[in-house]
Every structure is written in structure tokens, then in C-alpha cells.
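# have a look; sequence and predicted model below, questions after that.
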Amino acid sequence: MDNKQEKEKLDNLYDRWHEIQHGEDKVDEIHMDPWHENVINNIRDFSVFNDHEILEVGCGPGDFALFVSEFTKKTTGIDFSEAAIRIAKQKAAAQRKKIHFQVADATDLPFVDHSFDTIFSFECLEHVPDPDRMIRECYRVLRKGGRLYLTTENYSNGLILLWIYSWLTGNKFNSGTDQPHENFFLYWSLKKKFRRSGFKPVAWFGTHHVFLVLPRIHPHKFVVNAFSNRFFQKIFRPLARHMTYIYEKP
């Protein structure tokens, strides 16, 4: 199977996945996941984006793009799933939001260099076949001084046991939502990817610290979502499953 056939297969799998996960979404509502809330709580004042052209890479059903469009000059959302973009457009129409949603590949963005002031990407990087290329593409289309807010999975925690089990048994790894494609990311290795791309680190933090996963016990059993103490935040950051990375293009 060549790269084109593999891409078409993955596209079809994600079309079905989005139909299952979001086909019954209420078009007049906006749903935020924990990773969205992590970024929103970090930014707090979204008026800083009033004159910004924003891109969301891997927008899925469009909920965050719908939210942030209230504060931006222009909002664009892309996803390689036609089903996801169709759902996003239905929501935008129902909520009377002017957002440019389009089908596009995160590893081959259809925009000229330096097109956007800010880029957001939530839980997308771990599901693309070439994450390094996606990071380079984000760097390319971002304007100088612009920031990338990206969240992704981290498995330098108890969930690494599930990866080991999957490898030993030959079964597909399932992070909880039966994604068609999963990349194995560790906190330290992902930081190297950003450094090689040219991005300058601004901040990184995580929530949902997974300490242990045991058979027949719910994976949320040995979890601390967040630490209020800054020392513990730093010490246990590598154990956080939901990582947020904020990088700037120098």
C-alpha cells in the first residue's frame, strides 16, 4: 500500500470515527474538553486576539474555533476528515458564526508562509502519520512572533504499561476513544521535536497525572488531575497525560 492509499484509508477511518463520536452533537452548543479548558485557563484574556488571524489545526467538529471566533479578526479551522468539517460547518451555520472551515492535511497546510498570527491545535499531533512534518508546517505558516498553543498526549506515566501490553500481545493501543491512529509520545522526546523545528519554548504544563494502571481497575483510579503547589507541578509534570505546549516563532 503506497502513501496515497494509506492516507485515503486513514481519512475514511477518521470520517467514520467522527460520525460515531460527534454525529449526534447538538449544533447549537459548544462542548469543551479538559485540554481546551487547560489552554483557556492559561490565556484567560482572549481580547489579545482581537486583531489576530487564527488557525486551528485538527479542529474536529469545530467547538474551540466556534468559541475563539468571538474574539478574533478571522478564524480558520482545518481537519483532514470531511465528516468533521461537515459537522463543524453545521454548527457554525446554526450559531451564525463566520468561520472558514476546510478539509486539509495538517502535514501539508494549504496556506502561504506567515499566514497566521496564532495557531491552536488540540489532541491532533498524536494522530497524524508524520508529527515532525506537522510541527514544521505550523512553524512555516505562523508569522514571526506568533505563538503555537498545542496539546497532545504524553505517555511517560502509568499509561506506558498499556503500550507495553499492546506491544507484547500484538493488540492495537487504545487511549480510551479507539482512535484509528496513535503515536507514542514521551514528554522529553516531544520537546526535542519542537526544538529541532526552530520554535522557542514559552511554557509547558500538564494535567491528569497518571501514576499507575492495573488490570481490571479503572485507569482514573490512580490519578491526580492537577497540583496547586508549584514545586509538585514541576516535579510531576512528566507524569501528566494531557500536556500543553506553548511555543513562539522567533
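Yep, that arrived. Numbers count the residues shown, from 1 in each chain.
# which parts of the protein are helices?
3-22, 34-43, 63-68, 82-94, 131-141, 160-169, 187-197, 230-235 (DSSP state H).
# point out where this protein drops to low pLDDT.
Residues of the chain that meet the criterion pLDDT under 70 lie in 1-3, 5.
# residue 111: which of the helices of the chain is closest?
Closest to residue 111 of the helices of the chain is helix 131-141 (C-beta to C-beta; 4.7 Å). No exception for glycine: its C-beta is placed from N, CA and C like everyone else's.
# now do that closest one: which elements does it pack against?
strand 53-57, strand 116-122, strand 142-153, helix 187-197 (3 or more C-beta pairs under 8 Å, 6 or more residues apart in numbering; DSSP states H and E).
# run the angle between that helix and helix 187-197 for me.
40 degrees (axes from the mean of the first three to the mean of the last three C-alpha atoms, to 10 degrees).
# how about the CA coordinates for helix 131-141, as PDB?
Output of helix 131-141 as PDB, limited to C-alpha atoms (Å, rounded to 0.1, in the frame of the first residue of the first chain):
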ATOM      1  CA  PRO A 131       4.100  14.700  13.500                       C
ATOM      2  CA  ASP A 132       7.500  16.300  12.700                       C
ATOM      3  CA  ARG A 133       6.200  17.500   9.400                       C
ATOM      4  CA  MET A 134       3.000  18.900  11.100                       C
ATOM      5  CA  ILE A 135       5.200  20.900  13.500                       C
ATOM      6  CA  ARG A 136       7.300  22.200  10.600                       C
ATOM      7  CA  GLU A 137       4.100  23.200   8.800                       C
ATOM      8  CA  CYS A 138       2.800  25.100  11.800                       C
ATOM      9  CA  TYR A 139       6.100  26.900  12.000                       C
ATOM     10  CA  ARG A 140       6.000  27.800   8.300                       C
ATOM     11  CA  VAL A 141       2.500  29.400   8.300                       C
END
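# what's next to it, contact-wise?
With contacts defined as C-beta atoms under 8 Å, 6 or more residues apart in numbering, helix 131-141 is touched by 55, 57, 106-109, 111-116, 119, 121, 124-125, 128, 148, 150, 183, 185, 193-194, 196-199, 249.
# JSON lines for the helices of the chain, including mean neighbour count?
Below are the helices of the chain laid out as JSON lines (neighbours: other C-beta atoms under 10 Å):
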{"stretch": "helix 3-22", "mean neighbour count": "15"}
{"stretch": "helix 34-43", "mean neighbour count": "16"}
{"stretch": "helix 63-68", "mean neighbour count": "23"}
{"stretch": "helix 82-94", "mean neighbour count": "20"}
{"stretch": "helix 131-141", "mean neighbour count": "20"}
{"stretch": "helix 160-169", "mean neighbour count": "13"}
{"stretch": "helix 187-197", "mean neighbour count": "15"}
{"stretch": "helix 230-235", "mean neighbour count": "11"}
